[in-house]
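**Student:** All I have is the shape, not the residue letters:
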DNA sequence: CTATTTCCTAGACCGTGGTCTAGGTCAACG
DNA sequence: CGTTGACCTAGACCACGGTCTAGGAAATAG
């Protein structure tokens, strides 16, 4: 378990998450955090382990194409406190579905691209690539 | 084989490809086509089967995150005619790599999201979801 | 103590990938 | 023939997700 009293500056969080400090502040402005970001006596942001955990989720959601607006909607549910877990579950399930569809599509596209690569490899190796995409040879 | 003398209007191509007519014209302006789009006597665009084939590739490339600029670079190589097939192959290989990395990342993210879904399902079903993301329960 | 680095806010700016409008020509139906 | 719909160009507009600047304050290193 990581320490419960983690206290990181925005710069340290930027390092650990790969997000820029600009982006971290922007995420906060946009209401993406599930809890108010703590501040030091002098107004500097102080992040805890929970923030890191949540940010990890955020980056995974972003990496899978979830728009910031949707992340905010989820964050709002969490902020609203207990009682709406079914709703959160619904959002997560929907997104899981989208990821699965993305995986399928990506897999499909990979097939086509890999096919083109294979064709080019064959023809380049054989020195017969001339007809590719010129209207003469097969387009595949 | 599809007819070699296909002659489609921009609207028909939009239907078949799922791209809007606006987008098709924009792609042309941006130099994404591998060949000048034919025109009717009165200046209307006339698309052939080769254009459809190429557009299919374009949409797959877009769907896998290739920026228009990179598609243009590839199109430019094709336009430049025979002799640069090795270079085209290189671009395709690179993109194939990116797709594979995307697949891996997506798969990873799916793991995390699906995990959250499972957790929520268990807790919602059991009526014990209260502690999720409140600092009390396990974050996973 | 001074200099350097990190941080703060508010708000401007940017690339990407479309999407739409205005003003006009052409095709096709009845 | 007229009217309706598809098409043309050039260029404005938009959402998104950052990214950066200015102007200033506090922390930290030497």
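**Tutor:** Nice, thanks for sending it over. This one's a predicted model, so the numbers in the text were calculated from it and none came from an experiment.
**Student:** all strands for chain A, in order.
**Tutor:** A:38-39, A:45-46 (DSSP state E).
**Student:** thought residue A:75 was touching residue A:34?
**Tutor:** Yes: here residue A:75 reaches residue A:34: they are 5.0 Å apart, a contact under Cβ atoms under 8 Å. Where C-beta positions appear, they are placed from N, C-alpha and C, glycine not excepted.
**Student:** Quick one: check the worst-scoring helix or strand of chain A on mean pLDDT for contact with chain B.
**Tutor:** Ranked by mean pLDDT, DSSP states H and E, the helix or strand of chain A with the weakest confidence is helix A:85-126, at a mean of 95. Yes: Helix A:85-126 reaches chain B (Cβ under 8 Å from any Cβ of the partner chain) through A:85-86, A:88-89, A:92-93, A:95-96, A:99-100, A:102-103, A:105-110, A:112-114, A:116-117, A:120-121, A:123-124.
**Student:** Mind giving me the ChimeraX select for the residues you listed, buried ones only?
**Tutor:** Filtering those down to the buried ones (16 or more other Cβ atoms under 10 Å in any protein chain shown) takes a single ChimeraX command:
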select /A:85,88,89,92,93,95,96,99,102,103,106,109,110,113,116,117,120,121,123,124
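**Student:** ok, back up a step: can you check which of the strands of chain A gets nearest to chain B?
**Tutor:** Closest to chain B of these is strand A:38-39 (Cβ to the nearest Cβ; 12.7 Å).
**Student:** Direction included, what does the closest one pair up with?
**Tutor:** The strands that strand A:38-39 pairs with in its sheet are strand A:45-46 (antiparallel) (by DSSP bridges).
**Student:** Check the offset of the partner strand from the chain's centre.
**Tutor:** Relative to its parent chain, strand A:45-46 has a centroid offset of 23 Å by Cα atoms, centre = their mean, to the nearest Å.
**Student:** got it, and stretch A:111-123?
**Tutor:** With Cα atoms, centre = their mean, you get 29 Å for stretch A:111-123.
**Student:** what does stretch A:43-52 give?
**Tutor:** What separates the centre of stretch A:43-52 from the centre of its chain is 20 Å, taken as Cα atoms, centre = their mean.
**Student:** so what's residue A:55 up against?
**Tutor:** Shown in contact with residue A:55 (Cβ atoms under 8 Å, 6 or more residues apart in numbering or on different chains): A:13, A:17, A:19, A:27.
**Student:** Which of the residues you listed lies at the shortest distance from DNA strand C?
**Tutor:** residue A:13 (7.9 Å; Cβ to the nearest atom of the strand).
**Student:** For the closest residue to the closest one other than its chain neighbours, give the beta-bridge partners.
**Tutor:** Counting by Cβ to Cβ, 6 or more residues apart in numbering or on different chains, residue A:13 lies nearest to residue A:47, which is 4.8 Å off, once chain neighbours are set aside. Here residue A:47 sits in beta bridges with residue A:8, going by DSSP bridges.
**Student:** how much space between residue A:47 and DNA strand D?
**Tutor:** Going from residue A:47 to DNA strand D by Cβ to the nearest atom of the strand, to the nearest Å gives 14 Å.
**Student:** Could you verify my assumption that that residue touches residue A:38?
**Tutor:** Yes: counting by Cβ under 8 Å, residue A:47 touches residue A:38, with 7.4 Å between them.
**Student:** Would you mind measuring from residue A:93 to residue A:37?
**Tutor:** 29 Å (Cβ to Cβ, to the nearest Å).
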